[in-house]
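Q: Test case, fold it:
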Amino acid sequence: MTLHTNEEQRLLLMGCGGVGGVIAGGLLQGGRDLTIVTRNEKIYRAISANGLRVTTPEGEWNAPATVYTHLDEIEGPFDVVCLVMKGTDVEQAARDVESHLAPEGYAVTFQNGVVEDRVSAILGRERVVGALVGWGATMHAPGVSEMTSRGEIIVGELDGRLTPRVQRLKATLESIGPVTASPNIYGVLWSKLTLNCATSATGAVTGQLLGEMLRRNAGRRLALAIMSEAVDVAEAHGISLEPVGGTLDVYQLYLPPERRGGGWGLDLVLKHAIMLAVGTKFRRLKSSMLQSIERGRPAEIDFLNGYVAERGQEEGVPTPVNAALTAMVREVEAGTRNISPDNLEELLHC
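A: Alright, predicted model coming up:
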């Protein structure tokens, strides 16, 4: 069985929150044959009754949609499966969907962090395409999603080849917005990972908005140390990082190990200025990990700082700050540590 043409492809999307709602709405607006699965009964009922309501910088629309709550209600196979749930749920989703994939079908991973290796262990590396979402989104109500900032989706084969199927996927996703096919998807994913590691988990343990954290010298120092450890691990694994959003070069923020404990110098002025600019631009950004903890949901720490620490251990690369932050988030989840800005000072002494 050969992979269908764009017009004939059957698409399945699993997970329909903020990002998933925008992706689903864009695909439906583009006339794609899309089926949605969500475990959330409120989202299921809202979409069944009213369709998907989507707002982007380009406009608003309502899209009727076919939606289910369980995969066993659906007859496969599907050519492309978009996995758009939290990283904590993606492995089970991959197991569940495996039998619904067409012989040449594949899954596309849209998670924060790096989940591709775990999904590949279930489906096979040749049946996974990585993706990065470069815009923000929120779900205002069940079935009501908004793209809150501009950006692009980047997709790529895990082995770096620009294959016909990834070019076909690019064309399919362009009904959502700009899409780039990358020959270095791991470099793209790791670049975003370094930034997420410095912002999401720190927000979860301090309870602060990004602007509040990065206004403090201590907050900027900690962020630089976290990102520098991630760069060390990426390089140890032979991964070359790509500029974030095509502009922010993570290597510009790199500090060698001997400079991460403090001190000052002219080389730090630019790095702190960049972090201040990021903090100013995204000053109202609330950590998604903090929001998960507040809702009683598992944090994605194992796919962010925990992943960096794990991959660092494989190559003997020290990651004391990422490891300590991972442990701290787990303590917050367990209720043995309070969320407080004081946690930031403790991390600086790792």
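
Q: Pull the number of nearby residues for G31.
A: Per other CB atoms under 10 Å, the neighbour tally for G31 reads 10. No exception for glycine: its C-beta is placed from N, CA and C like everyone else's.

Q: what sits against it?
A: Listed by CB atoms under 8 Å, 6 or more residues apart in numbering, the contact partners of G31 are S175.

Q: I'd assumed it was in a strand, is it?
A: No. Using DSSP: H, G, I helix; E, B strand; the rest coil, the assignment for G31 is coil, not a strand.

Q: What segments of the protein are strands?
A: Counting by DSSP state E, the chain has strands at residues 10-14, 33-37, 52-56, 59-63, 66-68, 78-83, 101-109, 128-133, 137-141, 144-147, 153-157, 179-181.

Q: need those strands in a markdown table with distance to K281, mean pLDDT and mean neighbour count, can you?
A: Shown next, in a markdown table, are the strands of the chain (distance: least, CB to CB, whole Å; pLDDT from 0 to 100; neighbours: other CB atoms under 10 Å):
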| stretch | distance to K281 | mean pLDDT | mean neighbour count |
| --- | --- | --- | --- |
| strand 10-14 | 30 | 98 | 23 |
| strand 33-37 | 33 | 98 | 23 |
| strand 52-56 | 20 | 96 | 22 |
| strand 59-63 | 25 | 93 | 13 |
| strand 66-68 | 36 | 96 | 17 |
| strand 78-83 | 29 | 98 | 26 |
| strand 101-109 | 27 | 97 | 21 |
| strand 128-133 | 18 | 97 | 24 |
| strand 137-141 | 17 | 91 | 15 |
| strand 144-147 | 17 | 95 | 22 |
| strand 153-157 | 20 | 98 | 24 |
| strand 179-181 | 22 | 97 | 17 |
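
Q: Nearest to R216, out of these?
A: In terms of CB to CB, the element of the strands of the chain nearest to R216 is strand 137-141, at 26.6 Å.

Q: And the closest one, what does it pack against?
A: For strand 137-141, the packing partners by 3 or more CB pairs under 8 Å, 6 or more residues apart in numbering; DSSP states H and E come out as helix 18-29, strand 144-147.

Q: picking up where we left off before, need the strands of the chain in a markdown table (columns: distance to I301).
A: Below are the strands of the chain laid out as a markdown table (distance: least, CB to CB, whole Å):
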| stretch | distance to I301 |
| --- | --- |
| strand 10-14 | 22 |
| strand 33-37 | 26 |
| strand 52-56 | 30 |
| strand 59-63 | 34 |
| strand 66-68 | 30 |
| strand 78-83 | 19 |
| strand 101-109 | 18 |
| strand 128-133 | 19 |
| strand 137-141 | 22 |
| strand 144-147 | 25 |
| strand 153-157 | 24 |
| strand 179-181 | 29 |
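
Q: nearest to G263, of those?
A: The minimum distance between G263 and those falls on strand 128-133, with 34.0 Å, by CB to CB.

Q: Perfect, I'm done here.
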